[in-house]
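Q: Can you look at this prediction? I've put the sequence above it.
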Amino acid sequence: MEQTFFIIKPDGVKRGLVGQVLKRIEQRGFTIEKLELRSQVSEELIDQHYQDLVGQSFYPPIREFMTSGPVLVGIISGPKVIETWRTMMGVTRPEEALPGTIRGDFAKAAGENQAIQNVVHGSDSEESAKREIALWFEEK
Ligand code: DAT
Ligand code: MG
């Protein structure tokens, strides 16, 4: 069965959105295979997670945001879960995310020079899902 990796980001946990996000996963019929609250994520782990973005000018605020508070991380499974979870999340920018999506319903638009805080993460391909599951859950 296909699996994907997701994060409820610090804004989602702080704003009390955990229940509503998990409800959508359950409602959609996906299986929660793993679920862990990580109270403090290291900068090193976030840099590895976002390895393709580390060099970007907007990246330092993202690192700061992602290490600013507890996150909930997990694995969900089901048919076509990678693509479907991305659809359920909505697009990256809160102001462009459609109503009905998690980001479109909950994410607050960022001010200038602020990190985009968009409530959730989801792996964007089978390759990313495998890499991210190993990074976050397997002993190194
Ligand atoms: P997504 O989270 O939709 O997969 P991504 O992987 O391209 O988007 O980027 C990861 C996070 O980094 C994203 O949720 C918000 C931030 N980000 C991406 N592109 C950005 C940009 N051009 N300016 C500011 N922040 C950005
Ligand atoms: Mg991404």
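A: Thanks, I have it. Ligands and ions are numbered 1, 2, ... in the order given.
Q: hey, let's count contacts and neighbours off CA atoms from now on
A: Will do.
Q: How about the residue of the chain found nearest ligand 1: what's its closest non-neighbour residue?
A: Here the chain gets closest to ligand 1 at one residue, Thr92, 3.8 Å apart by C-alpha to the nearest ligand atom. Nearest non-adjacent residue to Thr92, counting by C-alpha to C-alpha, 6 or more residues apart in numbering: Asn118, 7.0 Å away.
Q: Where does pLDDT dip in this protein?
A: 139-140 (pLDDT under 70).
Q: Quick check: residues of it near ligand 1?
A: 58, 91-92, 115-116, 121 (C-alpha under 6 Å from any ligand atom).
Q: could you dump the residues you listed to a markdown table with neighbour count and secondary structure?
A: As requested, the residues of the chain next to ligand 1 are exported to a markdown table (neighbours: other C-alpha atoms under 10 Å; DSSP: H, G, I helix; E, B strand; the rest coil):
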| residue | neighbour count | secondary structure |
| --- | --- | --- |
| Phe58 | 14 | coil |
| Val91 | 17 | coil |
| Thr92 | 17 | coil |
| Ala115 | 18 | coil |
| Ile116 | 19 | coil |
| His121 | 16 | strand |
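Q: now Cys89: how far from Arg103?
A: Careful, residue 89 is Met; it's not Cys. Distance, Met89 to Arg103, using C-alpha to C-alpha, to the nearest Å: 6 Å.
Q: Find residues that contact each of those two.
A: Shared contacts of Met89 and Arg103, defined by C-alpha atoms under 8 Å, 6 or more residues apart in numbering, are found at Val120.
Q: mind listing what the most centrally placed residue in the chain touches?
A: Geometric centre of the chain, nearest residue: His121, 1.6 Å, by C-alpha atoms, centre = their mean. With contact set as C-alpha under 8 Å, 6+ apart, His121 has these partners: 6-9, 89.
Q: let's see 6 Å
A: If a contact means C-alpha atoms under 6 Å, 6 or more residues apart in numbering, then His121 has 6-7 as its contacts.
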